[in-house]
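> give me a model of this one.
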Amino acid sequence: MLPATTKLFDSLVAQDKMPGIVGAFGVGDGPTLFPSAGKISDDPNAPAASFDSLWRVYSMSKPITGMSAMMLVEDGKLNLDDPVSKYIPAFKDMKVATSPDTSLATRPATRPITIRNLLTHTAGLGYTIVTKGPLLKEYERLGILPLSVSAAMEERCGPSGRSRSRNSPIASRRCR
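Residues are numbered from 1 along each chain as shown. Just a heads-up that it's a prediction; the model follows:
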């Protein structure tokens, strides 16, 4: 089954680049093929990686959002060159920082931010993980900070983001 892919997967595991890997390949109406190699973790007792292995995957919001957007484009419900303000009016009169490393001074944007800009990360929006200077301080002042999830939070809140305790007064609220 896909010998070149299997050889690649085996070599990635042998070179200790990853403990295990599974791929899913399908063409048309043919059966989906699942080549795999290694185990699901570094633990010596970990089960072998297979088509039904459960994996912890981080940072999937971007590819899922991108795929969802492309489905809407395909259905004619979204145009990549639509201004974001068509859907989120607060994006209508955007400003551009003129010297983001030293000040919060701005000028009006010369063109609207489009859906395409959001999907290709060319909208000019800053992320707290790479933003510096006055803009980062303003993010912090406004409480615009990335979520930090710890093992303790996951244990307390569970995968749904809701409290696991039935007796908790916040059982129906999001964990905070």
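
> which residue ranges form the helices in the chain?
Applying DSSP state H to the chain gives helices spanning 3-14, 61-74, 115-119, 133-142, 151-157.

> counting contacts, what elements does the fourth one pack onto?
Which is helix 133-142. For helix 133-142, the contact count by 3 or more Cβ pairs under 8 Å, 6 or more residues apart in numbering; DSSP states H and E identifies no helix or strand as a packing neighbour. Backbone N, C-alpha and C define where each C-beta goes, glycine included.

> tell me how far Asp16 lies from Gly38.
Note on Asp16: its distance to Gly38, by Cβ to Cβ, to the nearest Å, is 10 Å.

> more neighbours: which of those two?
It is Gly38, of Asp16 and Gly38, that has more neighbours when counted by other Cβ atoms under 10 Å, with 21 against 9.

> any idea how far the more buried one is from Thr32?
For Gly38, the distance to Thr32 - Cβ to Cβ - is 20 Å.

> Met67 too?
Counting by Cβ to Cβ, the separation of Met67 from Thr32 is 17 Å.

> partner residues bridging the closest residue to Asp81 other than its chain neighbours?
Once flanking residues are discounted, Asp81 sits nearest to Thr114: 5.3 Å by Cβ to Cβ, 6 or more residues apart in numbering. When bridges are called by DSSP bridges, Thr114 pairs up with Pro83.

> and Thr114, how many residues sit next to it?
Around Thr114 there are 20 residues (other Cβ under 10 Å).
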